[in-house]
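Asker: My questions are about this predicted structure, shown below with the sequence.
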Amino acid sequence: MLTVLVVSAAVASGNGEAANGESPPVTSRDFDPPLWSEQQEKDFRKHRLNFSRALKADRLSEQDRQNITRGVQRYMYRMTMPELFRDLPKDVLREIISDLRSPVTGKAARDFVMQEVVRIAPELYNQPQPPRFNLAILLSNLDADHKAEPQVPYIPAADRLLEMLQQPNQFFSVKIWCAKGLGRICRDADPSIRLRDRIAGALLQGLAEAPDHVEPEVREWYQRLFIEALGDTGLVYNINRQPTIIDTLMQLLSDPQQSWDIRTAALHAVSRLQFEPSTNVDLILYEAGKLAHEMGRAYNANRAAPHWQANFVKLYHSMIPRFPKEAHQRNLGLVNQIQNRSGLGQYRAKAESLLEAMAPVYNPVTESGGQNPIPASGIQNLQQWLQANAPENRRPTPESQPLPQS
């Protein structure tokens with residue numbers, strides 16, 4: 001489940017201008033006016049009981065549908081009221097999600113509410129940043145099955161998230177939530193291959209368009225979230241059999257000019273793709289070991305950097321997933337993929353030997369919270385593994401261009 005009680009890193013003011021370096025895509029006068037008013041809110045109070053009754057229905061009459069439509073309009077349009085911009089998650093989103101997940105809300109009513117949210121969503125596309133931002137959060141939190149573990153997201157919301165992500169000059173904070181929501185749909189629902197392909201294409205475009213007008217650490221955070229969502233698509237190839245997803249991630253993983261955060265995120269994303277027998281697993285394992293070796297040396301040179309703990313944990317979870325369900329039911333993580341996916345068994349011994357060689361490098365960091373040095377012997381043994389396991393070629397797939405040597 002994605003949390004809804006999130007305040008944007010760029011909370012906007014009432015005129016649509018954003019803080020913390022996020023420039024609005026258009027001037028304030030180009031935004032649509034608010035779609036709800038205090039008078040309409042007062043008028044709706046007379047209708048609230050009818051709406052509440054309709055939400056409890058298991059079979060919807062036409063009158064129930066009209067009552068629900070009016071209630072959903074009120075949900076959505078309230079997000080456009082400037083006086084609520086400062087705390088939309090508390091004042092608006094909490095109410096919507098609470099109604100959707102209430103045990104007294106009927107299934108038919110819940111399904112119709114989500115249909116109406118998706119239908120009405122485009123009316124908010126030309127609003128200022130806060131309504132768009134919170135609309136992306138809402139769409140990302142719609143659940144087809146809110147009682148499952150993990151909760152199953154509502155696949156029809158993907159079309160709206162894609163539209164918002166690809167909207168010209170979209171606010172970067174809105175793009176971030178679109179990426180999170182799309183990644184969640186790919187990870188926890190079962191969208192078609194065509195929809196996964198559309199999502200992957202939009203995420204690749206969004207990654208390439210990482211904003212330049214924000215602080216470097218914010219830009220990197222944006223990139224990392226898009227990288228994680230690309231991994232959630234599970235795709236090695238796009239629908240035209242082009243290895244665009246794995247090639248992009250492997251380039252980021254192997255690029256020494258990228259930060260440790262980006263490189264470990266890229267490795268973790270690669271570990272979540274569904275490898276085929278033709279995937280160059282030798283290269284992937286080698287680059288994973290090479291990243292661990294380079295991180296180990298850099299860590300010992302400067303253990304005070306605050307990012308090391310998270311980086312080494314991400315490195316470990318690229319080999320062995322964090323959750324047992326991901327390992328045993330979905331075959332995520334490099335070791336589990338190789339053990340369980342058809343056609344990859346020949347790499348099993350190599351993957352296990354890499355895990356054994358990496359453990360003395362990441363364990364001192366993850367177990368000490370970044371306090372203890374990595375023994376030189378651990379780094380040396382990993383170097384020996386790399387020397388003994390260089391890949392025959394540097395193409396992630398037979399259709400890929402070779403990765404640059406580094």
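Answerer: That came through fine.
Asker: Next up, identify which helix or strand Ala144 is on.
Answerer: Applying DSSP states H and E as the criterion places Ala144 in strand 143-145.
Asker: Just the buried residues of that strand, please?
Answerer: Residues of strand 143-145 classed as buried: Asp143, Ala144 (neighbour count, 16 or more other Cβ atoms under 10 Å). All C-beta spots, glycine's among them, are computed from the backbone N, C-alpha and C.
Asker: Stretch 52-59 too?
Answerer: Buried, per 16+ other Cβ under 10 Å, within stretch 52-59: Ala54, Leu55, Ala57.
Asker: so where's the stretch 301-406 of the chain shaky on pLDDT?
Answerer: The stretch 301-406 of the chain contains residues with pLDDT under 70 at 327.
Asker: so how far is Ser173 from Leu225?
Answerer: Distance of Leu225 to Ser173, computed by Cβ to Cβ, to the nearest Å: 11 Å.
Asker: Verify the contact between Val214 and Phe172 for me.
Answerer: Yes - Val214 is within contact range of Phe172, at 6.5 Å (criterion: Cβ atoms under 8 Å).
Asker: Need the three-state assignment for the residue lying closest to Pro191 once chain neighbours are set aside.
Answerer: Spatial nearest neighbour of Pro191, chain neighbours left out: Ile155 (5.3 Å); criterion: Cβ to Cβ, 6 or more residues apart in numbering. Following DSSP: H, G, I helix; E, B strand; the rest coil, the label given to Ile155 is coil.
Asker: helices or strands up against the strand holding Ala144?
Answerer: Counting contacts by 3 or more Cβ pairs under 8 Å, 6 or more residues apart in numbering; DSSP states H and E, strand 143-145 is packed against strand 152-153.
Asker: For stretch 231-246, C-alpha coordinates in PDB please.
Answerer: Only the C-alpha atoms of stretch 231-246 are listed here, as PDB (Å, rounded to 0.1, in the frame of the first residue of the first chain):
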ATOM      1  CA  GLY A 231      12.400  -2.600 -12.400                       C
ATOM      2  CA  ASP A 232       8.800  -3.200 -11.300                       C
ATOM      3  CA  THR A 233       7.600  -3.500 -14.900                       C
ATOM      4  CA  GLY A 234       9.600  -6.800 -15.100                       C
ATOM      5  CA  LEU A 235      10.300  -6.300 -18.800                       C
ATOM      6  CA  VAL A 236      13.700  -7.000 -20.400                       C
ATOM      7  CA  TYR A 237      12.400  -6.000 -23.800                       C
ATOM      8  CA  ASN A 238       9.800  -3.600 -25.100                       C
ATOM      9  CA  ILE A 239       6.900  -5.000 -27.200                       C
ATOM     10  CA  ASN A 240       9.000  -4.600 -30.400                       C
ATOM     11  CA  ARG A 241      11.700  -6.900 -29.000                       C
ATOM     12  CA  GLN A 242      14.100  -4.000 -28.300                       C
ATOM     13  CA  PRO A 243      16.000  -4.300 -25.000                       C
ATOM     14  CA  THR A 244      15.500  -0.700 -24.000                       C
ATOM     15  CA  ILE A 245      14.700  -1.400 -20.400                       C
ATOM     16  CA  ILE A 246      17.600  -3.600 -19.500                       C
END
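Asker: what residues does that stretch touch?
Answerer: 183-184, 186-187, 193-194, 196-197, 199-201, 203-204, 230, 249, 268-276, 279, 396-397, 399-400 (Cβ atoms under 8 Å, 6 or more residues apart in numbering).
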